[in-house]
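1. Got a predicted model here, sequence first, then my questions.
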Amino acid sequence: MIYKICSDALWQELQITGQTLGSIDDERDGFIHFSTSAQVLGTFEKYFRSEFESAKPLWLLTIDPELLEPNAMQYEASRRDDLFPHLYAPLSLAHVVHAQKIVSVPMDLTRSSESSGKKRGKR
């Protein structure tokens, strides 16, 4: 599984339209940024901590990479030369196997106590 931390607005967009090109940063960079389970807390700390502390709702989306278009995702060097998953295609709601509101940190960001109720089995 791979993970996307996103704003409430992006999560709402994805639920309403069925797909997204990601955040403003994703659109600027030309791909959607994801993290592995080992990277997601670092991503939160570097890019999302201040939003969380200012009480802006954030969501952790769990994506099954096997549901993505073949060859649309690449692992590329980024922070500290760590390989991060990048999606070069829109993210579809069908790719999201679980969505959970981030309610406390520090925590294991892959296990939040509040969920949107969206859980999907692997296809």
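-> Sure, I can see it.
2. Quickly note the distance from Phe48 to Gln15.
-> According to C-beta to C-beta, to the nearest Å, Phe48 and Gln15 sit 20 Å apart. C-beta here means a position set from N, CA and C on the backbone, and glycine is covered the same way.
3. Tyr75 - how many residues pack around it?
-> The number of residues packed near Tyr75 is 14, by other C-beta atoms under 10 Å.
4. Confirm that it sits in a helix.
-> No - according to DSSP: H, G, I helix; E, B strand; the rest coil, the state of Tyr75 is strand, so it is not within a helix.
5. So for it, what's the pLDDT?
-> pLDDT for Tyr75: 95.
6. That one against Pro85, yeah?
-> Yes - between Tyr75 and Pro85 a contact is recorded at 5.7 Å, counting by C-beta atoms under 8 Å.
7. Would you map the strands across this protein?
-> Per DSSP state E, the chain carries strands over the ranges 2-7, 19-20, 32-33, 58-63, 73-77, 83-87, 91-92, 96-101, 114-119.
8. How about residues contacting stretch 35-45?
-> Here stretch 35-45 makes contact (C-beta atoms under 8 Å, 6 or more residues apart in numbering) with 1-5, 33, 52, 60, 79, 82, 84-85, 102, 105-106, 109-110.
9. now the residues you listed: which count as buried?
-> Using 16 or more other C-beta atoms under 10 Å as the burial test, the contacts of stretch 35-45 include 2-5, 33, 52, 60, 84-85, 102, 109 as buried.
10. Nearest to Val96 among the residues you listed?
-> If you rank the buried ones among the contacts of stretch 35-45 by distance to Val96 using C-beta to C-beta, Lys4 comes first, at 8.3 Å.
11. mind listing what that closest one touches?
-> Residues in contact with Lys4 (C-beta under 8 Å, 6+ apart) are 22, 32-35, 60-61, 63, 91.
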